[in-house]
Every structure is written in structure tokens, then in C-alpha cells.
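Visitor: Dropping the sequence and predicted coords here.
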Amino acid sequence: AQSVTQLGSHVSVSEGALVLLRCNYSSSVPPYLFWYVQYPNQGLQLLLKYTSAATLVKGINGFEAEFKKSETSFHLTKPSAHMRDAAEYFCAVRAPGANNLFFGTGTRLTVIP
Amino acid sequence: NAGVTQTPKFQVLKTGQSMTLQCAQDMNHEYMSWYRQDPGMGLRLIHYSVGAGITDQGEVPNGYNVSRSTTEDFPLRLLSAAPSQTSVYFCASSYLGVRGGAGELFFGEGSRLTVL
């Protein structure tokens, strides 16, 4: 079975500071991993995905994530936070060949001006 | 391109009432699913379908029914609403996992349901 754990339900950073949102996965096989973002009162939008092609994945809006098999992690980072990054972020996992995505509980990012 | 369309966006029900949340996609995706989002619990899978005529239960199926008569449509039915079903519901679709690739989900904008 696949699952993800997101450490920290709320993260606050100052504008211009590094953003680090943590995600650890559990999977019996090398999984596909995703980060989604949800702005207030909207649906979920894909930020980036890991498909085993490269361990460092670049996404939209300056975000990137690194797949570390030894740590079973897929943390999301952005060098410099912007006010528009304030949103809720979800990590998700899917086994190769499977259909269902399983989501973490989410991390709400607040950016302080 | 409309993507995934959900209706209604907002609904208030009384306990015991029934209703249907509509979902349609125009991307010819075989896989469709319904999630509910509750504070602190992330998104939990209610039901899913891998093609017309095929549906299956997810993590939290109790109190919900689905059907898939066409590739495009995947309605979610609440037969007798309960306050515990107050939530935000998301429909999502993708290509089947057996096609290869990551198969990311495409989401609708959500339906906010309140059961009094």
C-alpha cells in the first residue's frame, strides 16, 4: 500500500525566505509522487511530479522537489517565497500501473510580508 | 477546453434529503474519481471508476453511490444526507495507470456541501 506523510500542517515564512514543505512516502515499489497546490476556494493544481526520470524535479512558479530514496522523502522547496505562494500544498503518491492517488493531510503555507 | 466541470458549486441540504453532485470531463479520460476534503484530513477517496459501467469503492464510500454510464460523466449521489457529509467534494480524472506515465489527476473546482 502507498501513503504519504506531510510533516507540519502549518508553515509560516517571511517573504523572500526559503520555503521547505516536507513529504515522506511509504511504498513497496518505486512510486510516482506529486505535489499539488490549492489556492483559496479553488481546486487542486499540479505543481510538479516525479516519474523516475530525474531525482530533482522542477515545477511551476519556481518550486522544485528532490526524490531521495534513502530517506523516502520528496520535499518541496522554493528559494524565495512570494505573497502569492500562500496556499495549501498536498503531497500525493501513486504506484506504477495503479490508478488511485493517495494524498497527505496538507500543509498550509503562510507568507508574512 | 473545459477540463473537469462540477455542479453545483454550493449546496445546503437538510438531514435525510438526497442530492446528486454532477461531474463531467471532456479529456476522454478513462479514470474518474470523487474525493472529499475535510480540515486536517486531506483528500480521501470516496469512489472511482476505470471506465463506463465499472465503479469501485475507495477509502470512505459509506453513504455515497456512483454510476458511470458514459466516459464523460461520473455523478455522485447522496441518498440520505447526514451532517457528517458536510464537506468539499472534488471530482478528478486521468488516463489509466496501465497506459504508463505518472497519470496525474485533473481536478474540478469543487462542490461545497453543507448538511444541516
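Guide: Perfect, thanks for sending it. Numbers count the residues shown, from 1 in each chain, chains lettered A, B, ... in the order given.

Visitor: contacts and neighbour counts: CA atoms only from here.
Guide: OK.

Visitor: Not counting residues beside it along the chain, what's closest to B:S80?
Guide: B:G16 (4.3 Å; CA to CA, 6 or more residues apart in numbering or on different chains).

Visitor: no no, A:F103
Guide: Leaving aside its chain neighbours, A:F103 sits nearest to A:A92 (4.2 Å; criterion: CA to CA, 6+ apart).

Visitor: And whichever strand or helix holds that neighbour, what's buried?
Guide: Counting by DSSP states H and E, the element that carries A:A92 is strand A:87-94. Across strand A:87-94, burial judged by 16 or more other CA atoms under 10 Å in any protein chain shown covers A:A87, A:E88, A:Y89, A:F90, A:C91, A:A92, A:V93, A:R94.

Visitor: Just give me how far that strand sits from the chain centre.
Guide: Centre-to-centre, strand A:87-94 and its host chain are 5 Å apart (CA atoms, centre = their mean, to the nearest Å).

Visitor: State the mean pLDDT of it.
Guide: For strand A:87-94, mean pLDDT is 95.

Visitor: could I get that strand in PDB with only the CA atoms?
Guide: Only the C-alpha atoms of strand A:87-94 are listed here, as PDB (Å, rounded to 0.1, in the frame of the first residue of the first chain):
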ATOM      1  CA  ALA A  87      -1.900  28.400  -0.300                       C
ATOM      2  CA  GLU A  88      -2.400  24.800   0.900                       C
ATOM      3  CA  TYR A  89       0.000  22.200  -0.500                       C
ATOM      4  CA  PHE A  90      -0.600  18.500  -0.900                       C
ATOM      5  CA  CYS A  91       1.800  15.600  -1.500                       C
ATOM      6  CA  ALA A  92       0.400  12.500  -3.200                       C
ATOM      7  CA  VAL A  93       1.600   9.100  -4.200                       C
ATOM      8  CA  ARG A  94       0.600   6.600  -6.800                       C
END
